[in-house]
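# Turn this into a structure:
(one chain, ligands or ions: 2)
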Amino acid sequence: MKILTAAQTREADAFTIAHEPISSLDLMERASSALVQWLEQKYDPAVPFFIFCGTGNNGGDGLAVARLLHNNGYDVQVFLPETGQNLSPDFSQNLERLPQAISVTRIQDMEDLALEIPASGVVLDGFFGSGLSRPLTGLYAQLIEFLNQQQATRIAIDLPSGLFADAPTPPGSAIFQADITLTFERPKLAFLLPASGAYVGDWHVLPIGLHEGYLSQVESPYQVLLPQAIKSLLRPRSKFSHKGTYGHALLAGGSYGKMGAITMSAQAALRAGVGLLTVLVPEIGYGILQTSVPEAMVVTDEQEQHLTRFPEDLTKYQCVGIGPGLGQAEDSRMALEQLFRHKLPPLVLDADALNLLAADRFLRQQLPPNSILTPHPKEFERLTGPAIDDFHRLQLLQSFCAEHSCYVILKGAHSCIGTPSGEFFFNTTGNSGMATGGSGDVLTGILTGLRAQGYSPLEACQLGVYLHGLAGDLAAEVEGETSLIASDLYKYLGAAFQKAAK
Ligand SMILES: NC(=O)C1=CN([C@@H]2O[C@H](COP(=O)(O)OP(=O)(O)OC[C@H]3O[C@@H](n4cnc5c(N)ncnc54)[C@H](OP(=O)(O)O)[C@@H]3O)[C@@H](O)[C@H]2O)[C@H](O)CC1
Ligand SMILES: [K+]
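Ligands and ions are numbered 1, 2, ... in the order given. Next up is the predicted model:
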């Protein structure tokens with residue numbers, strides 16, 4: 001699903017109004033009805049609503065929600081800061097439509113707000129949405145500071161006031177701290193990035209029937225990965241297939257004290273459906289691998305504690321995954337350098353393989369095209385230099401992928417796949433229980449297993465991050481987020497495949 005900028009959202013709005021056709025006021029009514037439907041499913045009429053409105057269309061939504069909730073028997077109070085700003089026509093119309101019985105408090109300064117908001121109440125933020133053009137100051141900033149201190153549930157309409165939808169919000173700005181954000185039609189880019197996403201809480205997308213004629217044509221480099229798209233990528237296994245049909249993968253890594261990493265990658269590659277798996281480990285890893293992953297074949301390096309060379313001929317493998325537990329010994333780096341001189345099957349590089357790449361510009365330049373790299377933000381910055389903010393990090397991601405013709409999965413709450421052609425795909429599965437050692441090793445195994453089965457690099461990245469996160473979500477339902485450990489991820493991978501295929 002494509003993500004739209006604030007400017008594109010306005011275009012979508014105008015296109016819908018012109019081509020459906022529908023009046024702007026009726027479109028606002030449709031958006032507000034979607035909000036009310038969501039709110040009424042979650043809260044019963046005993047819950048008091050405190051609705052704060054700006055003077056634009058976000059405020060207009062707030063007023064329409066106030067009327068609809070009131071008409072359905074909810075206790076609603078409206079608060080309108082008076083800053084002398086222009087009122088949008090749809091705001092004015094909805095103010096006129098507001099039933100007399102609803103209490104409206106006009107606020108010129110904070111002293112007008114003698115208000116106790118009970119913890120059981122809901123605060124709705126309708127100050128600003130996609131029309132925010134500068135950071136909030138004065139009365140709006142003071143109101144937001146006040147609301148952020150309340151115990152009540154804070155819900156933002158469309159996006160938290162003070163947060164820019166698709167540009168960095170200057171540090172220290174006043175931003176509504178939402179517990180929940182109910183956004184229209186498409187998630188906003190700011191929701192998916194760590195610094196801005198922290199203000200958004202749980203977000204839900206409410207469809208409001210924006211015109212398909214616009215949505216299907218509009219160009220955007222940003223997309224979110226949703227279940228329908230993932231389902232269409234999954235290839236069914238055929239009745240007359242055999243293990244050769246599903247590829248032979250090689251996973252290389254492990255070192256003294258870090259054999260768990262490569263062991264978990266191996267488990268994950270097998271659970272991802274690869275036909276045959278060979279694991280290359282230093283001598284000390286032989287017994288460990290043969291015992292803990294009997295399905296895998298094991299080859300060893302003559303060095304006891306870390307890898308120092310790769311097999312000369314890798315052509316029998318359909319994918320090679322390198323990095324989990326590898327360590328950063330100088331002879332491991334040399335082995336990687338040697339390896340890059342050969343004709344290679346597709347590569348997946350993680351962990352210490354990335355650190356070795358980061359430390360060696362020459363090695364980076366030899367990176368085979370179409371490789372998949374899976375850094376977390378720190379590893380990524382070692383490859384590209386520091387990012388000023390999350391938006392700058394996306395620019396670095398774009399240029400790195402273009403320069404090296406590679407796919408990078410930048411890991412995070414919404415892991416982001418960067419592609420050589422400049423697209424970004426944000427994942428929507430996963431939870432904070434997955435922030436635990438070994439999680440990344442499991443992802444490497446899944447990606448290697450998928451790539452070996454013949455999925456393209458982009459398909460493998462999309463399926464890999466989505467299924468890895470989904471396995472985490474299914475595991476968390478049973479184990480809880482706190483107790484989730486990386487080996488749960490491959491244990492629940494089968495359930496994730498089944499859910500994704502439904
Ligand atoms: N297609 C949709 O998704 C629909 C969205 N709807 C809702 O409409 C808003 C966007 O409404 P818009 O009127 O464009 O914008 P806002 O309500 O966010 O605010 C615009 C006004 O606010 C002024 N402004 C901007 N920044 C500040 C600031 N820092 N301090 C004070 N005032 C500010 C701005 O003035 P300018 O000076 O910038 O001109 C505007 O006056 C969207 O988010 C949805 O909630 C529709 O209801 C349905 C369709
Ligand atoms: K808002």
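
# Helices of the stretch 1-150 of the chain, start to end?
Per DSSP state H, counting those that start in this stretch, the stretch 1-150 of the chain carries helices over the ranges 6-19, 24-42, 57-71, 89-97, 138-148.

# do the last one and ligand 2 meet at all?
To tie it back to what came earlier, the one meant is helix 138-148. No - Helix 138-148 stays clear of ligand 2 (CB under 5 Å from the ion), getting no nearer than 10.2 Å. (Glycine included, C-beta is placed from N, CA and C.)

# Could you pull out the buried residues of that helix?
Across helix 138-148, burial judged by 16 or more other CB atoms under 10 Å covers Leu139, Tyr140, Ala141, Gln142, Leu143, Ile144, Leu147, Asn148.

# One more: the fourth one?
Going by neighbour count (16+ other CB under 10 Å), the buried part of helix 89-97 is Asp90, Phe91, Gln93, Asn94, Leu95.

# any chance of the helices of the stretch 1-150 of the chain in JSON lines, with mean pLDDT too?
Formatted as JSON lines, the helices of the stretch 1-150 of the chain follow (pLDDT from 0 to 100):
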{"stretch": "helix 6-19", "mean pLDDT": "97"}
{"stretch": "helix 24-42", "mean pLDDT": "98"}
{"stretch": "helix 57-71", "mean pLDDT": "98"}
{"stretch": "helix 89-97", "mean pLDDT": "98"}
{"stretch": "helix 138-148", "mean pLDDT": "97"}
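
# Is it possible to get CSV of these that adds distance to Pro369?
Below are these laid out as CSV (distance: least, CB to CB, whole Å):
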stretch, distance to Pro369
helix 6-19, 32
helix 24-42, 45
helix 57-71, 45
helix 89-97, 51
helix 138-148, 48
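
# Tell me which of the ones you listed sits most buried.
Mean neighbours per residue, mean count of other CB atoms under 10 Å, is largest over the helices of the stretch 1-150 of the chain for helix 57-71, with a mean of 25.

# Residues touching that helix, excluding its own?
Applying CB atoms under 8 Å, 6 or more residues apart in numbering, the contact partners of helix 57-71 are 28-29, 31-33, 35-36, 39-40, 49, 51-54, 76, 78, 80, 88, 90-91, 93-95, 97-99, 101-102, 124, 126-131, 157-158, 161.

# do it and ligand 1 meet?
Yes - with CB under 6 Å from any ligand atom as the criterion, ligand 1 is reached by helix 57-71 at Asn57, Asn58, Gly59, Gly60, Asp61.

# Roughly how far does the last one sit from ligand 2?
Taken as CB to the ion, to the nearest Å, the spacing of Asp61 relative to ligand 2 amounts to 8 Å.

# if we can go back for a sec, same for ligand 2: which of the contacts of helix 57-71 are within range?
Restricting the contacts of helix 57-71 to those within reach of ligand 2 (CB under 5 Å from the ion) leaves Gly129, Ile157, Ser161.

# Could you find the closest non-adjacent residue to the last one?
Going back to what we said before, that points to Ser161. Phe127 (3.8 Å; CB to CB, 6 or more residues apart in numbering).

# okay but the one you found is in contact with Leu139, surely?
No - applying CB atoms under 8 Å as the test, Phe127 and Leu139 come out as separate, 10.2 Å apart.

# Run a quick neighbour tally on Lys343.
Counted with other CB atoms under 10 Å, residues neighbouring Lys343 total 8.

# So what's the residue count around Ala101?
Neighbour count for Ala101, taken as other CB under 10 Å: 7.

# how about the residues of this protein that lie near ligand 2?
For the chain, the residues in contact with ligand 2 (CB under 5 Å from the ion) are Asn58, Asp125, Gly129, Ala156, Ile157, Ser161.

# The first one and Ser88, how far apart?
Read that as Asn58. Here the criterion is CB to CB, to the nearest Å. By it, Asn58 lies 9 Å from Ser88.

# cool, and the last one?
Separation of Ser161 from Ser88 (CB to CB) stands at 15 Å.

# Those two: who's more crowded?
Neighbours were counted for Ser161 and for Ser88 using other CB under 10 Å; Ser161 has more, 28 against 19.

# Could you measure from the more buried one over to Thr169?
As defined by CB to CB, Ser161 lies at a distance of 11 Å from Thr169.

# Can you tell me which of the residues of the chain next to ligand 2 end up in strands?
Asp125, Ala156, Ile157 (DSSP state E).

# so which of those residues comes closest to Ser24?
Nearest to Ser24 among these, counting by CB to CB, is Ile157 at 16.6 Å.

# give me every residue that touches the closest one.
Neighbouring residues of Ile157 by CB under 8 Å, 6+ apart: Leu35, Asn58, Asp61, Gly62, Val65, Leu124, Asp125, Gly126, Gly129, Leu182.

# Quick check: closest non-adjacent residue to it.
Spatially, and ignoring its direct neighbours in sequence, Ile157 is nearest to Gly126 (4.7 Å; CB to CB, 6+ apart).

# Test my guess that the one you found contacts Ile51.
Yes - using CB under 8 Å, Gly126 is in contact with Ile51, at 6.3 Å.

# Now the phi/psi pair for Leu367, please.
Dihedral pair for Leu367: phi -50, psi 120, per degrees, to the nearest 10.

# Return the residues in contact with Ala475.
Counting by CB under 8 Å, 6+ apart, Ala475 makes contact with Gly433, Leu484, Asp488, Leu489, Lys491, Tyr492.

# tell me the two of those that are most distant?
Farthest pair in those, by CB to CB: Gly433 and Lys491, 13.4 Å.

# How confident was the prediction at the residue of the chain positioned farthest from its centre?
Centroid-distance maximum for the chain: Gln100 at 43.5 Å, with CA atoms, centre = their mean. Looking at Gln100, its pLDDT stands at 96.

# got a list of what the residue nearest the centre of the chain touches?
In the chain, the centroid-proximal residue (CA atoms, centre = their mean) is His414; its distance is 1.9 Å. Residues near His414 by CB under 8 Å, 6+ apart: Phe191, Leu192, Leu193, Gly197, Val224, Phe426, Asn427, Thr428.

# if we can go back for a sec, separation between the residue nearest to Ser161 and Glu116?
To Glu116, Phe127 is 20 Å away according to CB to CB.

# ok, these two, which is more surrounded?
More neighbours surround Phe127 than the other of Phe127 and Glu116, with 27 against 6 (other CB under 10 Å).

# Figure out how far the longest helix anywhere in the chain is from the centre of its chain.
Longest helix in the chain by number of residues (criterion: DSSP state H): helix 457-479. Its chain's C-alpha centre and that of helix 457-479 lie 12 Å apart, by CA atoms, centre = their mean, to the nearest Å.

# Give me the buried stretch members for that helix, please.
457-476, 479.

# now do stretch 426-440
Phe426, Asn427, Thr428, Thr429, Gly430, Gly433, Met434, Thr436, Gly438, Ser439, Gly440.

# now it: mean pLDDT?
In this model, stretch 426-440 has a mean pLDDT of 97.

# Endpoint to endpoint, that stretch covers what distance?
This stretch, stretch 426-440, spans 17 Å end to end (CA to CA, to the nearest Å).

# now stretch 417-433
By CA to CA, the extent of stretch 417-433 from end to end equals 21 Å.

# got it, and stretch 97-107?
Counting by CA to CA, the terminal residues of stretch 97-107 are separated by 20 Å.

# again with stretch 268-285
Start-to-end span of stretch 268-285 (CA to CA) is 17 Å.
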